[in-house]
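K.L.:
Output the structure for:
(one chain, ligands or ions: 3)
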Amino acid sequence: SLTHSSYPLNVFSQKYPPVKFLSEKDRKRILITGGAGFVGSHLTDKLMMDGHEVTVVDNFFTGRKRNVEHWIGHENFELINHDVVEPLYIEVDQIYHLASPASPPNYMYNPIKTIKTNTIGTLNMLGLAKRVGARLLLASTSEVYGDPEVHPQNEEYWGHVNPIGPRACYDEGKRVAETMCYAYMKQEGVEVRVARIFNTFGSRMHMNDGRVVSNFILQALQGEPLTVSKQSGTSTRGEPNVFVYLFSSDLVNGLVSLMNSNISSPVNLGNPEEHTILEFARLIKSLVVSRSQIQFLPEAQDDPQRRRPDIRKAKMMLGWEPVVPLEEGLNKTIQYFNRELEHQANNQYI
Ligand code: NAD
Ligand code: UDP
Ligand code: UDP
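P.N.:
Ligands and ions are numbered 1, 2, ... in the order given. Got it, this is the predicted structure:
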């Protein structure tokens, strides 16, 4: 019998988002590890719509099929249920290596698995890149700077990380992942790209992952108090705790342009516009038109007081900077959360 993908694409094209035609020469085979997650699924959308062949590898720890279900059956798309801690043998031209839990509650849930994913998982993907001659982009993080002592952080800063604190499984895992990238580059000639990603938000982020944007939106939509950590309101030093948030589409554009650039050293991708957590709570409250209160909670352990990317390198070398205004990104995310809550309510008794 005919399989779905043996039909000419146009028979089913109604069903899929529009895909650009790329000639054989320009079309790449691209692997996205963690592609069923928040960032990975948006990246999948962009690369699919640009006309590439995309293979998503995910163990569905925090990701879900629903994030990429609109591509299932498309002849350019493949979804593999696989854990990157196990070796993977496929043929690809580029690897976006995003597989790793990303929010504190998720990566602290099983710290050993977080370490394995970031070390053994990254080693496997570098081994794959080496074998097939693919270029690998690592989704690193601003957490490699730890609780930074310099502001803003540029790529030269070595960081301030507690190696045995509760965040270490993630922070140190990503630091060694970076180290492995450069070891494979120097020793084996693997082409690597390292994106140091700062806090990002948008649709398909986990509603219950405990990060500030999702917490506040959910709390505001449900009329519950917005939980501002004590030091996030105002620190003991009397300074407000400030944070920065990047919208997902800006991040995805940055990742793709970094991958296709010739910059092998780490590049910060973040939004340098600072906001206090309290400002954030108030803004989300007003966008949702919510009657929620604001509630102050004690400070979390090893919580960075402040983080701000220096993005001059990305600007100069990639011509990249965030373009989506904060309120626009928040409104889109609020709409998504609203739909998700409705979806949950409708499916409660099924
Ligand atoms: P996410 O949790 O939505 O996505 C991570 C994906 O990786 C999930 O789909 C998960 O199921 C998958 N995964 C986890 N362990 C795996 C394993 N062992 N094998 C295969 N798949 C596995 O998180 P996200 O926010 O989309 O983050 C994506 C990447 O970007 C992560 O590497 C994260 O560290 C990095 N990053 C994200 C942010 C942010 O603010 N979202 C900031 C800095 C860095
Ligand atoms: N690896 C993989 N896919 C490949 C090639 C390698 O998953 O296509 C894994 C392999 O299991 C190994 C790791 O990547 O554990 C590192 O590979 P490398 O070739 O550097 O190391 P070696 O196999 O020589 O130990
Ligand atoms: N935060 C908060 N209320 C929440 C969740 C987080 O005030 O409900 C604060 C947290 O203490 C930190 C900041 O928001 O100062 C950013 O935390 P988040 O967990 O979003 O990001 P990460 O710690 O990963 O940078």
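
K.L.:
Isn't Asn154 up against Asn268?
P.N.:
Yes - using CB atoms under 8 Å, Asn154 makes contact with Asn268 at a distance of 7.2 Å. (Each C-beta comes from the backbone N, C-alpha and C, glycine too.)

K.L.:
So which of those two has more stuff around it?
P.N.:
Asn268 (25 against 13; other CB atoms under 10 Å).

K.L.:
Just the strands from the stretch 251-350 of the chain, written as ranges.
P.N.:
267-269, 275-276, 294-297 (DSSP state E, counting those that start in this stretch).

K.L.:
and the ones you listed as JSON lines, adding mean pLDDT and distance to ligand 2?
P.N.:
Shown next, in JSON lines, are these (pLDDT from 0 to 100; distance: least, CB to the nearest ligand atom, whole Å):
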{"stretch": "strand 267-269", "mean pLDDT": "98", "distance to ligand 2": "25"}
{"stretch": "strand 275-276", "mean pLDDT": "86", "distance to ligand 2": "41"}
{"stretch": "strand 294-297", "mean pLDDT": "90", "distance to ligand 2": "43"}
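
K.L.:
and among those, the most buried is which?
P.N.:
Across these, averaging neighbours per residue (mean count of other CB atoms under 10 Å) puts strand 267-269 on top, at a mean of 26.

K.L.:
So is it next to ligand 1?
P.N.:
No - judged by CB under 6 Å from any ligand atom, strand 267-269 makes no contact with ligand 1; its nearest approach is 8.7 Å.

K.L.:
strands paired with that strand, and their directions?
P.N.:
For strand 267-269, the pairing partners within the sheet under DSSP bridges are strand 192-197 (parallel).

K.L.:
Output the partner strand as CSV, restricted to C-alpha atoms.
P.N.:
Extracted in CSV, the C-alpha atoms of strand 192-197 (Å, rounded to 0.1, in the frame of the first residue of the first chain):
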residue,chain,number,x,y,z
VAL,A,192,30.9,24.1,16.1
ARG,A,193,28.6,27.1,17.0
VAL,A,194,27.8,28.0,20.6
ALA,A,195,24.8,30.1,21.4
ARG,A,196,24.6,31.4,25.0
ILE,A,197,20.9,31.9,25.3
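
K.L.:
who touches whichever residue of the stretch 1-150 of the chain sits closest to ligand 2 in this structure?
P.N.:
As assessed by CB to the nearest ligand atom, ligand 2 sits closest to Gly127 within the stretch 1-150 of the chain, at 2.0 Å. For Gly127, the contacting residues are Pro87, by CB atoms under 8 Å, 6 or more residues apart in numbering.
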